[in-house]
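Student: Sequence and predicted structure, then a few things I'm wondering about:
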Amino acid sequence: MRQFSKKYVCIKKDREFRWLFKNGSCTVTKAFICYFRENKRRNNRLGIVAGKKIGGAVQRNRARRVIREAFRLIEPELASSTEKRYDFIFVARSVAVHMKSTGILKLMRKNIPGKLAQRSDS
């Protein structure tokens with residue numbers, strides 16, 4: 001039986017969320033807002049926020065689950081494209097509840113790697 005190993009660590013502390021909101025770069029899509037900043041760790045770190053404006057607990061959990069799955073699929077591409085590791089915070093928007101993980105994955109592929117490339121050049 002294969003063991004599932006996470007390639008990222010979850011961001012859980014409020015001060016880390018606030019620090020990343022204040023000091024991180026931002027990209028906006030119709031399904032989520034992504035804040036990111038380079039870290040000095042060996043793994044990417046992920047935090048997901050879903051506010052009450054999205055809906056009830058079921059809708060918020062679905063939005064988090066879909067974003068987490070899309071990030072799990074794109075994370076190996078991010079790791080292979082650059083030696084640097086990043087902290088990511090995804091703020092779910094109400095459209096994310098109605099999207100599938102493949103749709104969110106397309107948005108991530110379109111928006112995030114380009115922003116990371118721009119960030120590392122400067």
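Tutor: Cool, got the structure.

Student: okay, CA-based contacts and neighbour counts for the rest of this
Tutor: Noted.

Student: Now for the closest residue to Lys12 other than its chain neighbours, how many residues are close by?
Tutor: Spatial nearest neighbour of Lys12, chain neighbours left out: Gly47 (7.0 Å); criterion: C-alpha to C-alpha, 6 or more residues apart in numbering. Number of residues near Gly47 (other C-alpha atoms under 10 Å) recorded here: 20.

Student: How about Ala63?
Tutor: Counted with other C-alpha under 10 Å, residues neighbouring Ala63 total 29.

Student: Name the nearest residue to Lys100, ignoring sequence neighbours.
Tutor: Once flanking residues are discounted, Lys100 sits nearest to Val66: 6.6 Å by C-alpha to C-alpha, 6+ apart.

Student: Need the pLDDT of that neighbour.
Tutor: Looking at Val66, its pLDDT reads 96.

Student: What strand or helix carries it?
Tutor: Using DSSP states H and E, Val66 maps to helix 57-81.

Student: Show me what the very next helix or strand once past that helix is packed up against.
Tutor: Going down the chain from helix 57-81, the next helix or strand is strand 85-92, by DSSP H and E. Counting contacts by 3 or more C-alpha pairs under 8 Å, 6 or more residues apart in numbering; DSSP states H and E, strand 85-92 packs against helix 14-23, strand 32-39, strand 44-49, helix 57-81.

Student: For the third one, give me every contacting residue.
Tutor: Outside strand 44-49, the residues that touch it by C-alpha atoms under 8 Å, 6 or more residues apart in numbering are 7-12, 17, 64, 67-68, 85-92.

Student: picking up where we left off before, please list all residues in contact with the residue nearest to Lys100.
Tutor: So Val66 contacts 96, 100-101, 104 (C-alpha under 8 Å, 6+ apart).

Student: Throw together a PyMOL command that grabs the buried residues out of those.
Tutor: To isolate the buried ones among the contacts of Val66 in PyMOL, judged by 16 or more other C-alpha atoms under 10 Å, type:
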select buried, resi 96+101+104
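
Student: Test of understanding: give the bridge partners of the residue nearest to Asp87 when sequence neighbours are not counted.
Tutor: Using C-alpha to C-alpha, 6+ apart and skipping the chain neighbours, the partner closest in space to Asp87 is Arg45 (4.6 Å). With beta bridges defined as DSSP bridges, Arg45 has these partners: Val9, Asp87.
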